[in-house]
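> predicted coordinates and the sequence they were generated for:
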Amino acid sequence: MPRLKSYSIGLLAAGMLLIAGSCVPLAQTVWSGTDSGDTASLVLPPGGGSAMLDVPAARSALPMLRLEVYPAVSEKAPAKLRYALSVTDQTGRTLFERDGSRFLYRQPIEPGRDVPAPVDIPLQELALAPGKYAVRFDTGTNGNLVRSAELRLLPASSGLLAPLLTTLMLAILGWLTASLGALQWVRAEAARPIASADAVPPHADEERLWTTGCHLSALLGYLLPFGHVVGPLAVWLAKRRTFPAVEQAGRNVLNFQLSITLYALAGLFLSFFLIGILVLFLVVVFQFSTVLYASLRAQRGLDVRYPLTIKLI
């Protein structure tokens, strides 16, 4: 029995480590993508013209055209700003060519409202060898709307698909491992003899059945939205006046499941900072294993106390 419990704890720990490590590939990609230390830029003539781009070493870059554009303030002003950009090498071969347009937002003529606003236009990735490149920029008849133009070369990203898949696979593997450890822990607890200190006055068979069902019904949350709350609430309302044990068990279950809901909402909010993914998986493993353990104790007629519970009812 001690070996089984140690085995379950090891699986739980391994699952938690896998879930925690699942955030690393995606976090590294996002952080490296926001690092602008290798950014190069080239100032372009605002109204249109040519400029030379010097690339000292081979690189793969994501070009971005940054314009400072005055808003179209009159009804006669154009609704779009048209632009053309091309990059050619020393042999005259065109590496990149783009003709496009950008919508302009009309604003009323007011003092202080003629301040140019930055506009970023992402372009396709370029592989550049060492050398000089001719960059031509043209805005046609709308050049008077452009205050400044700049071509920025951002570090090329390897993409989010691979790290996202790695994160997902590690998270799922961690959840399965931790869940297996939780099941083994429940199994070890099921085989543990009932200590006299844990024992409570035995319930009638029907009362024990409804008490166990009240705890176990929280697993409906894996099948139905908010089933982890609706299931125990239905059993509690139906049988709380009939069986005193169901009255107390229902309050304990609902307080725990509502607390789990709050923890999950916190994890969803933190998902914007990646750590929320770890919090959500930990909440799922914690809720799953705790519900199974509580159901097992109720089935054996033992008292049940849920950990980390906020008393709301």
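Thanks, I have the structure now.
> report the contact partners of residue 22.
166, 167, 168, 169, 170, 171, 174, 277, 278, 281 (CB atoms under 8 Å, 6 or more residues apart in numbering). For every residue, glycine as well, the C-beta is placed using N, CA and C.
> residues near residue 229, how many?
By the criterion of other CB atoms under 10 Å, residue 229 has 19 neighbours.
> just the element for it, please.
helix 227-239 (DSSP states H and E).
> after the worst-scoring helix or strand of the chain on mean pLDDT comes which helix or strand?
Lowest mean confidence among the helices and strands of the chain (mean pLDDT, DSSP states H and E): helix 23-33, at a mean of 64. Later in the chain than helix 23-33, the nearest helix or strand by DSSP H and E is strand 40-44.
> buried residues, that following strand. List them.
By neighbour count with 16 or more other CB atoms under 10 Å, strand 40-44 contains the buried residues 40, 42, 44.
> now that strand - C-alpha only, PDB.
Extracted C-alpha coordinates of strand 40-44, given in PDB (Å, rounded to 0.1, in the frame of the first residue of the first chain):
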ATOM      1  CA  ALA A  40      17.000  47.500 -38.600                       C
ATOM      2  CA  SER A  41      15.300  50.500 -40.200                       C
ATOM      3  CA  LEU A  42      15.600  52.700 -43.300                       C
ATOM      4  CA  VAL A  43      14.100  56.200 -43.600                       C
ATOM      5  CA  LEU A  44      12.200  56.600 -46.900                       C
END
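> show residues contacting it.
Under CB under 8 Å, 6+ apart, the answer for strand 40-44 is 51, 53, 61, 135, 137, 148, 149, 150, 151, 152, 153.
> which SS class is the second one?
The local conformation at residue 53, judged by DSSP: H, G, I helix; E, B strand; the rest coil, is strand.
> so it makes contact with residue 137?
No - using CB atoms under 8 Å, residue 53 makes no contact with residue 137, being 11.3 Å away.
> quick check: neighbours shared by these two?
residue 151.
> more neighbours, the two?
Set residue 53 next to residue 137 and count neighbours by other CB under 10 Å: residue 137 wins out with 24 against 18.
> residue contacts, the more buried one?
By CB under 8 Å, 6+ apart, residue 137 lies in contact with 44, 45, 48, 49, 50, 51, 65, 83, 84, 85, 149, 151.
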